[in-house]
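S.K.: here is a sequence with its predicted model. Questions after.
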Amino acid sequence: MQWKLTDDRPIYLQLAEQLTQRILAGAYPPGGRIPAVRELAAEAGVNPNTMQRALSLLEDQRLVVTNRTSGRTVTENTQAISRVREQQAKDLAKQYVAAMETLGYGPQDAAQFLQKGGKDDE
Amino acid sequence: MNEQPLIECKNLTKSYTTGTEALSHVSLTVGRGKIVGLLGPNGSGKTTLIKLLSGLLTPTQGDVCIDGHAPGIYTKSIVSYLPDRMYFPKWMRVNDILAFFADFYPDFDRKKALDMLSSLGIAPGEKIRRLSKGTQEKVQLVLVMSRKAQLYLMDEPIAGVDPAARDFILNTILTNYNEEGTVLLSTHLISDIERVLDEVIFLQNGHLVRQDSVDRIRETEGKSVDALFRDIFRTPVYPGYTRKEA
C-alpha cells in the first residue's frame, strides 16, 4: 500500500488516517504487530517524529496499544475496530448525502441511486 | 535526554565590511532530535547563519551557542557541516578523503561511509576529478552523514542533484541522523523536503520572519509550507516594457 500525502492538511493527520485504513482493511490484523516508527517513517518518506505523532493519535483512539517489550500492536478488541469502521461509514454517508444535495437530490433520491449502485436504469 | 537547547542565538547580527547587514537581530532556539528547514529567498541570510553556527564567521553583535558553547574546537567536534560548495582537492581519491575524515573526526564511521558509497555505486578508488558535480555532492553528503554528530548543518544539500538522488539524500537524512541529533538544512526547494521537516525557520532580508512546526503551519494556514513561502515572499511581477503607440 502506498502513502498518499496532500499539501493542504497536517501530515500527521493524513498518516493517522492511512494507518487507520490499514487496520480497518486488515492489513494490520487485530493483535498484529505494527512496524517500528522508523521503519514506517522511512517507508512514507516522512520525519519519524511526525509518524510518532500519528501513532499516538491512534493510541488515543485505542486502536493501537503499546507494549513495553514487543512494540506496538493493533488492539485485540475487535469491537473498538468495528466502532471506528462504523464511524467512518457514517461519515462517508454524510458526505454522499451532502454532495447529492448540491445536485438537487433529497436523501430519498440519494438512497435510490445508491441501491442501483450507480448503474443505468434497465 | 539533555534538556538544554542545542542551538541558541541571541540578537545575532552579522554585517559585512561592504555595509550589508546579512543577518540582523536574530534570536532563536532549536531543540534536539529535530529536522529543521532554514528557508528564505536568495540573499536572505541562510548561508550567513549557517556559517556563524559552524564558526566560519564571527558575529558582529549578539551571541551564538551550540550545546552551551560558543563556536570553537568543542562545537566543531559535535557539528557536521556540509558547505554550499565543494572543498575537496580534485586530485584526491574518495579513499583519501575518507582517511582525512577518519583522522579529523573521532565520531566518523568509515564502514557506514563505505556502505553508503557502495549503495550509491561510487567506487572509493575513484578520483574526485572524474566524478560528475552531482556525484561529488553525494560523496560530500555521505561523509557528513557518516559522522555521529549532534548537529548536522547542511547548506543546500539537495540543490544540485537529480530528483532520484534527492530522494536518496532525504531518506539518508531520515534514516541516519541519530535521535539526539538535529539536522538544520537550508533550501529553497521546499515542496521536495517539506514532509521530512519538523520545523521551519523563515528568513527574509536577514530578519527572522517565522519559526514554527510544519504541522502547525498546515493546521493554522490550511496550506503547505511551500504555499505559505510563496505568499510571504511573493515578488510583484515586473510590469515589463510596454510599447508606445506610434
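M.R.: Done, it's in.
S.K.: every contact and neighbour count from this point should use C-alpha atoms.
M.R.: Fine.
S.K.: with only the CA atoms kept, save stretch A:89-101 in CSV.
M.R.: Only the C-alpha atoms of stretch A:89-101 are listed here, as CSV (Å, rounded to 0.1, in the frame of the first residue of the first chain):
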residue,chain,number,x,y,z
ALA,A,89,-19.1,4.6,7.2
LYS,A,90,-21.4,7.2,8.8
ASP,A,91,-19.0,10.0,7.7
LEU,A,92,-18.9,8.7,4.1
ALA,A,93,-22.7,8.5,4.0
LYS,A,94,-23.0,12.1,5.3
GLN,A,95,-20.6,13.3,2.6
TYR,A,96,-22.5,11.4,0.0
VAL,A,97,-25.9,12.8,1.1
ALA,A,98,-24.4,16.3,1.3
ALA,A,99,-22.9,16.0,-2.2
MET,A,100,-26.2,14.8,-3.6
GLU,A,101,-27.9,17.7,-2.1
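S.K.: neighbouring contacts of that stretch?
M.R.: A:106-107, A:110 (C-alpha atoms under 8 Å, 6 or more residues apart in numbering or on different chains).
S.K.: cutoff 10 Å now
M.R.: For stretch A:89-101, contacts defined as C-alpha atoms under 10 Å, 6 or more residues apart in numbering or on different chains pick out A:83-88, A:103-111, A:113-114.
S.K.: so which of the residues you listed are in helices?
M.R.: A:83-88, A:107-111, A:113-114 (DSSP state H).
S.K.: any idea which helix or strand comes after the helix or strand containing B:Ile193?
M.R.: Assessed by DSSP states H and E, B:Ile193 sits inside helix B:190-193. Remark: after helix B:190-193, the chain's next helix or strand is strand B:199-204, criterion DSSP H and E.
S.K.: pLDDT of that next one, averaged?
M.R.: Predicted confidence along strand B:199-204 averages 93 (mean pLDDT).
S.K.: name the nearest residue to B:Val161, sequence neighbours excluded.
M.R.: The shortest distance from B:Val161 to any residue other than its chain neighbours is 5.0 Å, reached at B:Gly134 (C-alpha to C-alpha, 6 or more residues apart in numbering or on different chains).
S.K.: how close does the one you found sit to chain A?
M.R.: Counting by C-alpha to the nearest C-alpha, to the nearest Å, the separation of B:Gly134 from chain A is 22 Å.
S.K.: same thing with B:Gln140?
M.R.: Counting by C-alpha to the nearest C-alpha - B:Gln140 and chain A are separated by 22 Å.
S.K.: hang on, isn't that residue packed against B:Pro157?
M.R.: Yes - here B:Gln140 reaches B:Pro157: they are 9.3 Å apart, a contact under C-alpha atoms under 10 Å.
S.K.: what sits in contact with each of those two?
M.R.: Common neighbours of B:Gln140 and B:Pro157 (C-alpha under 10 Å, 6+ apart) are B:82-83, B:85.
S.K.: domains of chain A?
M.R.: A:11-76, A:79-115 (automatic domain parsing).
S.K.: so where do the helices sit in the chain?
M.R.: Defaulting to chain A. A:11-24, A:37-44, A:48-60, A:78-102, A:107-115.
S.K.: nope, chain B
M.R.: So, for chain B - with DSSP H - the helices run B:46-54, B:73-78, B:94-104, B:110-119, B:133-145, B:163-176, B:190-193, B:214-221, B:225-232.
S.K.: return the most buried member of those.
M.R.: Per residue and on average, the most neighbours among these fall to helix B:46-54, with a mean of 23 (mean count of other C-alpha atoms under 10 Å in any protein chain shown).
S.K.: distance from that one to the middle of the chain?
M.R.: Relative to its chain's centre, helix B:46-54 lies at 9 Å (C-alpha atoms, centre = their mean, to the nearest Å).
S.K.: got the angle for that helix vs strand B:199-204?
M.R.: If you take axes from the mean of the first three to the mean of the last three C-alpha atoms, to 10 degrees, helix B:46-54 sits at 120 degrees to strand B:199-204.
S.K.: quick one: contacts of the lowest-mean-pLDDT helix or strand in chain B?
M.R.: For chain B, scoring each helix and strand by mean pLDDT, DSSP states H and E identifies helix B:163-176 as the least confident one, at a mean of 81. Residues outside helix B:163-176 that contact it (C-alpha under 10 Å, 6+ apart) are A:38-39, A:41-48, B:35, B:112, B:116, B:119-120, B:134-135, B:138, B:141-142, B:145-148, B:152, B:157-162, B:183, B:192-193, B:195-197.
S.K.: contacts only, for the closest residue to A:Asn47 other than its chain neighbours.
M.R.: Leaving aside its chain neighbours, A:Asn47 sits nearest to B:Val196 (4.4 Å; criterion: C-alpha to C-alpha, 6+ apart). Going by C-alpha under 10 Å, 6+ apart, B:Val196 touches A:11, A:41-42, A:44-50, B:34-37, B:170-171, B:173-174, B:214.
S.K.: got any ranges where the chain has weak pLDDT?
M.R.: Using chain A. A:1, A:121-122 (pLDDT under 70).
S.K.: think we crossed wires, I meant chain B
M.R.: In chain B, residues with pLDDT under 70: B:1-2, B:241-246.
S.K.: what residues does it have near chain A?
M.R.: B:33-35, B:167, B:170-175, B:179, B:191, B:193-198, B:214-227 (C-alpha under 10 Å from any C-alpha of the partner chain).
S.K.: residues from chain A in reach of chain B?
M.R.: Contact residues (C-alpha under 10 Å from any C-alpha) of chain A with chain B: A:5-13, A:38-39, A:41-50.
S.K.: what do you get if the cut-off is 8 Å, keeping everything else the same?
M.R.: A:7-12, A:38, A:42, A:45-50 (C-alpha under 8 Å from any C-alpha of the partner chain).
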